[in-house]
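A.B. asks: Please work out how this folds:
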Amino acid sequence: MKVRDFIDRSNFWRITVIGSLLVILVIALGISFFNAIYHAQVDSRKEFLISQTELAARGLEVDLNRFKDESKLLLGFLEAPYLEESGLQDEFTVVARRTFTSFPRLVDSIWVDLNDSIIIFTMTERNDFLGKKSSQGFPRKIRSSQILLEGKSSIRILFSMDIPKYSEDFVTNFYLNPGGEKYLFYEQNLISIGPKKKEKSVLLSKNDFNLVKNDINLGLKGFYEVSEDGGEMGFSGILAQYPFSYAGSEKPASLVFFMPMEGLTSGFYSTYLVLFLGVVILLIGTVSFFIISLKGNFDSIKLQDANINEISRLFDQQNLLLQEVKGFVFFHNHKGEITKVSDEVENILGHPKKDFIVAFRSDSVHLQANMIKEEAKKALNESRDFVDLEDDFTKPTGEKIRLRVFEKLMFDKEGRFSGGIGICTDITEQYLARQETIQSENRLRTLINSIPDTIFIYDNTGKVLDFHVQDKRNLQSSAQFTLGKSLLEFVPHGQAEEIIRVFNLAKTTNSIQTKDVVWHSSMGDKHYEMRFFPLDENQVMSISKDITGQKIWEKGLVEAMNAADQASRLKSEFLANMSHEIRTPMNGLLGIIDLLESTNLNKIQKQYVEIIKNSGNSLLNIIRDILDYSKIESGKIDIQPTVFDPVEELKNQIKILSGLASKKRINLVSNHENSENLLFEADKGKINQVLLNLIGNAIKFTPEEGSVDVKMELSPIDDNLYFLSFQISDSGIGISKEHLEHLTDPFFQVESSNTRTYQGTGLGLAIAKKIIELMGGELKIVSEPGKGSKFSFSVVVKKSNENNLIPESHQLTWKDIKDMGAVFPLRILLAEDNDLNLQLMTLMFQQLGFQFEVAKNGAEVLEKVTIQQFDVILMDVQMPVMNGLEATREIRKMEGTDQIIIIGLSANVFEEDQKKALESGMDDYLTKPIRLAALADKLEYYYRKVKEKV
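C.D. replies: This is a model prediction of the structure:
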């Protein structure tokens with residue numbers, strides 16, 4: 001072998017060996033470089049996947065917690081004391097709509113229970129906001145995806161959330177490598193929320209799914225390599241999950257991001273193939289390997305930059321949301337130093353970002369910043385992963401605000417504290433509303449504590465849930481013993497069923513029901529007024545008021561009223577008896593005077609008869625005044641309206657009194673305004689009685705040649721009602737101020753001495769005042785000594801629809817009276833037991849020319865009626881054996897007695913006496929003393945009635 005060949009061969013081998021070694025080294029270097037790049041890229045993408053999952057889960061949790069906090073604002077809005085009822089619906093609808101728009105697709109529906117109605121708010125797919133009343137009632141079962149808020153005033157709000165739908169929208173802003181998928185672990189199920197949810201999702205093996213599920217249920221974040229050998233459906237990849245809490249659910253949820261291995265290793269297998277092709281072409285392959293490797297590295301860096309930009313964009317979007325809730329986000333390291341803060345900090349705190357960052361340096365002496373650091377240390381010591389606190393803050397402008405700081409503490413894989421992310425929000429409005437609610441509660445509590453009554457709260461079955469009593473002495477037994485007991489167990493025996501009935505009635509009618517209850521004890525009976533009313537659907541309240549004193553007072557009042565009634569009844573009986581006893585001899589006196597007056601008398605005898613007649617009439621007027629006042633005082637006087645012409649009635653009263661005025665040469669004049677050709681309805685007789693009294697007094701107390709002026713005026717109230725006003729003015733002696741105050745008192749006399757100039761009972765004005773008040777008017781008196789007096793009053797009258805008055809019966813003359821027996825023949829039976837009255841009635845009938853039969857008692861009347869026919873029976877009410885009322889009832893029971901006219905005779909002039917007579921079957925009633933003209937008028941009237949029946 002030649003040396004050159006050897007050298008060449010050795011060079012060949014050397015070259016071969018070197019080349020081989022070079023190739024091996026290049027291959028080894030390529031493989032090593034590929035592995036380094038591969039693992040670096042895979043680790044980077046794994047870390048990116050974990051960060052994306054964690055960032056998305058934390059952001060979603062912050063949004064859900066923020067929604068939970070802001071949902072309370074809606075309840076606070078409804079319970080605001082300054083909210084007016086008239087604007088509640090419109091303003092509340094706007095606030096509810098803002099809740100939907102602030103959290104798109106999170107809120108499915110809002111149920112609002114306003115006690116008297118239930119409203120449901122929803123948002124359609126077209127963003128149409130709808131609100132309507134529910135006819136199905138408030139949901140009873142609360143799901144984990146629902147938030148129930150209950151207010152102090154029994155207002156409830158139920159928020160129904162669609163967390164999967166909201167999560168789907170939320171994670172669209174988080175980027176995954178091509179082929180990646182996004183899931184939500186919710187209600188123990190894995191739900192696809194990524195862009196490929198409509199495609200066939202990756203199915204985890206049972207072991208992988210259980211492993212992920214167990215970690216989530218324990219609240220642990222996790223990272224897993226998963227695979228499934230299923231032929232064409234097989235897969236392998238990495239999966240990251242980060243748990244979060246939502247609403248009030250005890251079951252955790254988690255965001256799960258999955259990325260297949262193809263996505264992790266995309267671009268590297270082609271590089272590996274080029275590496276092995278470089279074995280064949282070493283230099284080209286090596287260069288190509290480096291180029292492709294560098295290109296792959298550049299693509300990876302470019303992808304990372306794109307991901308970072310995407311994260312920055314999402315961060316900016318979150319900042320926009322923070323602006324809506326008046327907040328800003330900040331990040332800090334494990335030392336508590338701020339590493340990043342959003343631009344909104346200046347708007348919230350009024351300080352620039354750099355001042356905020358400086359305040360959290362390790363050497364800072366800022367009190368509030370150090371307080372937040374201390375809270376974070378305290379949370380770490382207590383093994384908490386969050387900080388939640390509120391504090392007041394003063395801006396540089398001096399404005400005071402309330403801040404809430406919520407911070408999530410973060411830990412690395414070894415569990416070491418690595419820093420935190422927090423959100424600071426301005427909750428001044430919510431804080432003030434919350435303080436107002438607290439003050440309202442305190443005011444309500446103070447009010448309840450001030451109520452002296454006993455308060456119990458029951459469930460719907462009547463079981464006592466709570467109680468309040470201010471004075472322990474008000475309870476018959478200890479109230480603690482009633483807790484948990486039913487009403488049936490502690491209310492007094494014999495009253496339980498009625499109390500339960502009232503309790504159920506209050507519950508079913510939703511209204512206050514009252515029941516008086518008596519508790520019997522050794523200390524005596526205690527009376528309580530129990531008022532039941534429903535608080536809400538599940539509770540009923542009762543307020544028990546001690547009314548023992550009231551019951552005692554009422555009992556005393558009833559006894560006093562009974563005593564007063566008895567005294568009034570005894571007085572009425574006394575007056576009736578006195579009236580009867582006085583009127584019986586007056587009947588004879590005035591009756592004889594009427595008969596005597598019709599005989600031939602000389603001038604002196606006529607003067608004597610006139611004196612006796614006037615004296616008798618004066619005595620009769622005195623008796624009438626006393627009885628009238630007694631009837632008014634006992635409330636037994638009735639207003640009996642009739643149709644009348646006020647002008648004609650005034651003229652008639654003036655005509656009656658004109659004779660008295662002429663004797664004293666007094667100028668009596670009258671005038672009237674706005675009253676021509678009008679008819680009205682009122683008690684004409686009582687108005688005339690008042691006029692006669694007032695005009696008569698004016699004439700009585702006016703000296704000779706004086707004047708009395710009567711003025712009448714009508715003033716309309718509406719189309720049908722008028723004021724009828726009278727004013728009586730005189731030029732009389734006048735009345736002093738001290739006497740004027742007592743002028744209308746009963747029995748009052750301006751002159752009370754035995755030598756007084758003007759006589760009378762002192763009842764006239766008292767009766768007139770009472771009658772005017774009964775007719776809705778008022779008597780006014782203006783007077784001055786020596787200058788006369790002015791009496792005025794008004795009564796309410798109703799305009800009549802009638803056009804003509806019914807003419808009254810004509811006044812009988814003595815010629816008519818003397819010829820009555822012949823003109824109006826009647827068969828008369830007189831029932832009278834008093835000899836004087838019988839003698840008088842005999843003379844009257846003889847004067848009238850009537851024939852009659854006599855019966856001394858009711859039994860004789862019945863006997864005569866059975867054997868003889870009569871047209872008229874004059875029946876005395878008070879008779880022995882059988883009185884007139886009993887006899888009349890027996891007559892009316894007989895057949896064929898309907899045609900008999902029975903006229904009662906009595907000295908009792910009370911209206912109840914006349915009413916009893918008419919109820920017994922009498923047709924009419926004459927009061928004693930019986931005047932000849934009145935008797936003749938009755939007989940004429942009933943004669944015509946008898947003839948009409950024939």
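A.B. asks: What part of the protein, helix or strand, is modelled with the least confidence?
C.D. replies: Least confident helix or strand of the chain, by mean pLDDT, DSSP states H and E, is helix 814-818 with a mean of 51.
A.B. asks: Give me the nearest residue to the residue nearest the centre of the chain, chain neighbours excluded.
C.D. replies: What sits nearest the mean C-alpha location of the chain, by Cα atoms, centre = their mean, is S511, with 10.0 Å. Residue nearest to S511 in three dimensions, not counting chain neighbours: F533, with 7.0 Å by Cβ to Cβ, 6 or more residues apart in numbering. Heads up, the C-betas are built off the backbone N, CA and C, glycines and all.
A.B. asks: Can you pull out the low-pLDDT segments for the stretch 401-550 of the chain?
C.D. replies: 444-445, 447-452, 470-482, 493, 521-524 (pLDDT under 70).
A.B. asks: List the contacts of D388.
C.D. replies: Neighbour list for D388: R404, V405, F406, E407 [criterion: Cβ atoms under 8 Å, 6 or more residues apart in numbering].
A.B. asks: Among the residues you listed, which one sits closest to I900?
C.D. replies: When the contacts of D388 are ranked by distance to I900 (Cβ to Cβ), R404 comes first, at 102.5 Å.
A.B. asks: Spell out the secondary structure type for that closest one.
C.D. replies: Look at R404: counting by DSSP: H, G, I helix; E, B strand; the rest coil, its state is strand.
A.B. asks: Contacts only, for it.
C.D. replies: D388, L389, E390, C424, T425, I427.
A.B. asks: So the second one sits against R402, correct?
C.D. replies: It stands for L389. No. The pair L389 / R402 is not scored as a contact, 11.4 Å apart, by Cβ atoms under 8 Å.
A.B. asks: Between those two, which is the more surrounded one?
C.D. replies: The residue with more neighbours, out of L389 and R402, is R402; 18 against 14, by other Cβ atoms under 10 Å.
A.B. asks: thinking the more buried one is in contact with A433, fair?
C.D. replies: No. R402 is beyond contact range of A433, at 10.9 Å (criterion: Cβ under 8 Å).
A.B. asks: Test of understanding: give the bridge partners of the nearest residue to K711 once chain neighbours are set aside.
C.D. replies: Nearest non-adjacent residue to K711, counting by Cβ to Cβ, 6+ apart: Q727, 4.5 Å away. Legend: beta-bridge partners of Q727 under DSSP bridges are K711, S792.
A.B. asks: how near is Q727 to V881?
C.D. replies: Distance of Q727 to V881, computed by Cβ to Cβ, to the nearest Å: 56 Å.
A.B. asks: Can you check the pLDDT for the residue nearest to K711?
C.D. replies: Per-residue pLDDT puts Q727 at 91.
A.B. asks: quick one: secondary structure of K790?
C.D. replies: strand.
A.B. asks: What's the local residue count around it?
C.D. replies: Counted with other Cβ under 10 Å, K790 comes out at 16.
A.B. asks: doesn't I735 make contact with it?
C.D. replies: No. Applying Cβ under 8 Å, one finds K790 not in contact with I735, separated by 10.6 Å.
A.B. asks: residues shared between the contacts of these two?
C.D. replies: Joint contacts of K790 and I735 (Cβ under 8 Å, 6+ apart) are I781, S783.
A.B. asks: can you count the residues close to the residue nearest to K711?
C.D. replies: With other Cβ under 10 Å as criterion, Q727 counts 17.
A.B. asks: what's the answer for S715, then?
C.D. replies: Neighbour count of S715, defined by other Cβ under 10 Å: 11.
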